[in-house]
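>>> Sequence isn't available, so here's the structure alone:
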């Protein structure tokens with residue numbers, strides 16, 4: 001307050017007022033009141049004063065109101081309204097004049113917020129005195145006052161105001177809000193008032209009723225709907241029918257049914273949809289006829305209603321009608337039962353599959369994909385075993401493929417299928433063996449393997465058909481053996497494609513599987529056409545291993561027909577292996593120089609740049625019973641001179657622009673261990689440097705064998721946590737980092753700067769150091 005008295009700067013005064021708002025009491029009133037006369041500070045002062053309790057503030061605002069004009073006066077009026085002191089009504093009432101519309105609106109709202117008898121009387125006098133045009137300006141305030149009276153239980157006073165606001169002279173929004181207020185105040189006369197609103201002449205009454213419709217009990221909605229559907233105009237009828245979705249009693253149904261037959265088109269559509277809520281089983285026949293033979297919106301409404309009818313007797317009624325239906329009605333019933341997702345419909349749907357016409361049969365099969373369960377496996381197998389038409393059989397096989405993808409194979413008893421496989425022949429047997437291929441079940445697996453070794457060529461051929469369709473990863477070895485054995489090129493191609501498909505699916509869940517890698521190489525060895533070799537190459541990058549890369553490289557060199565695909569696979573494999581297998585880097589260099597496409601050359605070159613910007617990592621090293629910090633001074637082979645046979649693997653930097661930033665978390669070193677990292681840094685001249693170092697957790701750093709920094713810590717990595725001076729010699733310098741790992745994350749960030757902290761642009765980082773070509 002002392003600073004506020006002392007300053008005349010309006011900006012500083014406004015800032016001080018904002019701070020005073022949180023702490024000011026009555027003692028601040030003499031300091032803040034003078035600011036009300038200056039338009040530059042009045043709003044800030046009011047903002048502080050409006051939360052200060054006490055009559056002193058109100059009196060000061062009254063005095064200021066008498067002197068203020070324009071925007072400041074409006075702001076004081078609003079503040080008095082927010083404070084709600086009844087004593088302000090007498091000071092505000094004289095401002096309810098027509099000369100200043102903005103002041104009139106603000107004053108009326110302030111009086112409404114005060115809500116005292118004196119304030120209400122002032123508003124009533126103004127309503128009469130101002131006439132229709134002036135009343136429109138104060139109508140929002142009157143609406144607020146009326147709603148306050150209603151909330152306080154003063155229903156008669158509230159209704160009197162709502163009635164005034166429903167005058168045709170008022171804007172539509174005001175009239176609608178007044179209707180809502182009147183209906184909420186109606187009490188036991190609600191139905192009478194709402195019915196009058198729905199059938200009266202005020203167009204804003206109907207939206208008011210519909211806005212409140214969800215709030216009313218179902219009994220009220222039911223009675224009101226019956227009244228409106230028999231007396232209101234078409235637009236109101238359609239609106240009420242749409243609002244039946246909020247619930248209504250079955251007593252509404254007769255009026256709804258009558259409108260389906262007698263209403264105008266939009267009303268008929270709404271009435272049909274309303275049967276989903278108020279209809280019962282007796283309405284299904286009517287709706288089915290409209291769904292089967294209707295057109296446009298009525299047909300769609302009937303289908304929607306049949307799918308969503310909640311009455312418990314609807315599904316049994318539909319099933320009963322399905323037993324005797326035919327033609328378009330039968331097809332519609334199948335669609336409806338599918339849309340209702342009720343498994344009680346499964347037996348009659350299977351009956352349609354067995355006996356219905358083609359269109360209904362197809363629709364029933366589509367429904368059974370989602371509805372049928374394991375119990376239906378046997379009857380559906382019996383059905384397809386009896387099918388004689390080729391097109392129906394093909395559709396049945398497609399059904400089984402999609403259906404079995406949804407089911408858990410462990411829940412199925414394959415006995416009916418196995419029996420049918422041995423008792424059928426020709427195209428039916430082929431179809432059954434295709435279905436068998438999609439079952440991941442030990443019994444089916446054993447049957448296929450027995451048939452593969454059978455003396456009967458026909459049985460063996462059927463088993464091979466099952467293999468070409470199989471989704472069972474346990475049959476992958478059988479697929480590979482048959483690929484290797486067969487002399488039939490077409491058969492080999494089908495078996496090869498099936499094996500690659502299974503291998504891809506298995507690799508997605510177990511990419512490190514040694515068995516899968518060997519399988520992929522066996523398949524590549526039998527690929528005797530460019531098409532098969534391309535297919536084999538497509539899956540090999542999923543199995544990064546030196547043997548895989550060698551096989552791909554041989555194809556890249558020897559087979560020009562698949563060179564592009566081999567280069568792509570080789571680049572992917574070499575990129576994955578380059579961190580741990582040094583020949584992969586040479587392959588990347590070859591691809592960067594000799595790749596047949598710009599994309600391959602760029603991809604290989606990018607990976608090489610990443611490798612050369614990184615580090616080489618060794619470890620983790622541990623000592624039984626010691627935690628990370630206790631390992632800080634324990635020397636391990638990478639820091640011992642003369643130590644050989646250390647397994648270093650490449651670890652790229654986090655970014656080529658941040659060569660000293662390395663995240664080692666993805667190496668999964670575990671807890672309480674030590675990792676080492678090394679790289680080379682080329683300096684064009686001898687120079688002193690400043691090292692800025694961050695680490696997770698403890699870190700030691702040697703440059704050219706000299707320890708330049710050590711900090712045993714348990715911490716997360718933050719850039720620049722430590723600083724240390726050092727010296728780089730002209731040429732290559734070797735950096736060796738020892739990092740202790742406690743728990744959680746693991747990594748470090750080393751920046752080499754000039755002593756003043758500025759960057760050194762001519763440094764080159766390369767883990768190969770002197771072994772590289774160098775600058």
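The structure has been received and is ready for your questions. Just so it is clear, the model here is predicted, and its values are computed rather than measured.

>>> CA only for contacts and neighbour counts going forward, please
Fine.

>>> contacting residues around the closest residue in space to residue 492 that isn't next to it in sequence?
What sits nearest to residue 492 in space, not counting adjacent residues and going by Cα to Cα, 6 or more residues apart in numbering, is residue 483, at 5.3 Å. The contact partners of residue 483, taken as Cα atoms under 8 Å, 6 or more residues apart in numbering, are 492, 495, 496, 523, 526.

>>> By neighbour count, which of the residues you listed wins?
Tallying neighbours with other Cα atoms under 10 Å puts residue 495 at the head of the contacts of residue 483, with 27 neighbours.

>>> how close does it sit to residue 639?
Using Cα to Cα, to the nearest Å, residue 495 is found at 55 Å from residue 639.

>>> all helices of the stretch 151-300 of the chain, in order?
155-165, 172-184, 190-199, 205-212, 218-231, 234-243, 253-262, 265-278, 284-293, 296-308 (DSSP state H, counting those that start in this stretch).

>>> Next, format these as CSV and append mean neighbour count and distance to residue 696.
Putting the helices of the stretch 151-300 of the chain into CSV (neighbours: other Cα atoms under 10 Å; distance: least, Cα to Cα, whole Å) gives the following:
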stretch, mean neighbour count, distance to residue 696
helix 155-165, 19, 70
helix 172-184, 22, 64
helix 190-199, 19, 72
helix 205-212, 19, 61
helix 218-231, 19, 65
helix 234-243, 20, 63
helix 253-262, 18, 73
helix 265-278, 25, 64
helix 284-293, 19, 69
helix 296-308, 21, 60
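
>>> who's in contact with residue 284?
Applying Cα under 8 Å, 6+ apart, the residues near residue 284 are 306, 314, 317, 318.

>>> For residue 692, list each beta-bridge partner.
Residue 692 has these beta-bridge partners by DSSP bridges: residue 723, residue 751.

>>> does it really touch residue 724, like I thought?
Yes - Residue 692 lies in contact with residue 724 (Cα atoms under 8 Å); the separation is 6.7 Å.

>>> Ignoring the adjacent residues along the chain, who's closest to residue 25?
The nearest residue in space to residue 25 (Cα to Cα, 6+ apart) is residue 52, at 5.6 Å.

>>> ditto for residue 610
residue 652 (5.8 Å).

>>> give me every residue that touches the one you found.
610, 611, 612, 613, 614, 615, 662.

>>> now residue 678, which residues is it bridged with?
residue 616, residue 736.

>>> That one reaches residue 734, doesn't it?
Yes - counting by Cα under 8 Å, residue 678 does reach residue 734; the two are 7.2 Å apart.

>>> okay, those two: which has more neighbours?
Comparing residue 678 with residue 734 by other Cα under 10 Å, the one with more neighbours is residue 678, at 25 against 21.

>>> State the pLDDT value of that one.
In this model, residue 678 is scored at 92, pLDDT.

>>> got a list of what it touches?
By Cα under 8 Å, 6+ apart, the neighbours of residue 678 are 615, 616, 617, 734, 735, 736, 737, 767.

>>> wait, isn't residue 712 in contact with residue 630?
No - using Cα under 8 Å, residue 712 is not in contact with residue 630, being 9.0 Å away.

>>> picking up where we left off before, I'd like to know which of the helices of the stretch 151-300 of the chain has the weakest mean confidence.
Looking at the helices of the stretch 151-300 of the chain, the bottom one is helix 190-199 with a mean of 89.

>>> Measure how that helix sits relative to helix 234-243, angle-wise.
Calculated by axes from the mean of the first three to the mean of the last three Cα atoms, to 10 degrees, helix 190-199 forms an angle of 130 degrees with helix 234-243.

>>> for helix 190-199, the distance to its chain's centre please.
45 Å (Cα atoms, centre = their mean, to the nearest Å).

>>> what inclination does that helix have with respect to helix 172-184?
150 degrees.

>>> Show residues contacting helix 190-199.
For helix 190-199, using Cα under 8 Å, 6+ apart, the contacting residues are 183-184, 186, 205-206, 209, 220, 223-224, 227-228, 231-233, 236.

>>> now that helix against helix 218-231, angle please.
Using the same axes, to 10 degrees: helix 190-199 against helix 218-231 is 30 degrees.

>>> Can you give me the distance of residue 667 to residue 652?
Residue 667 is 12 Å from residue 652, by Cα to Cα.

>>> actually residue 739, sorry about that
Counting by Cα to Cα, the gap from residue 739 to residue 652 is 17 Å.

>>> Equivalent analysis for residue 380, please.
Where residue 652 is concerned, residue 380 sits at a distance of 57 Å (Cα to Cα).

>>> ok, now residue 498?
38 Å.

>>> Equivalent analysis for residue 388, please.
64 Å.

>>> Low-confidence bits of the stretch 401-550 of the chain, can you list those?
Along the stretch 401-550 of the chain, segments meeting pLDDT under 70 span 507-512.

>>> just to revisit the earlier point, just flag the most distant two among the contacts of residue 678.
617 and 734 (13.6 Å; Cα to Cα).

>>> Which element, helix or strand, includes residue 708?
Residue 708 belongs to strand 706-711 when assigned by DSSP states H and E.

>>> Run through the neighbouring helices and strands of that strand.
strand 699-703, strand 722-728 (3 or more Cα pairs under 8 Å, 6 or more residues apart in numbering; DSSP states H and E).

>>> Mean neighbour count, the ones you listed: which tops it?
Highest mean neighbour count of the helices and strands packed on strand 706-711: strand 699-703, a mean of 21 (counted as mean count of other Cα atoms under 10 Å).

>>> Nice, that's everything, thank you.
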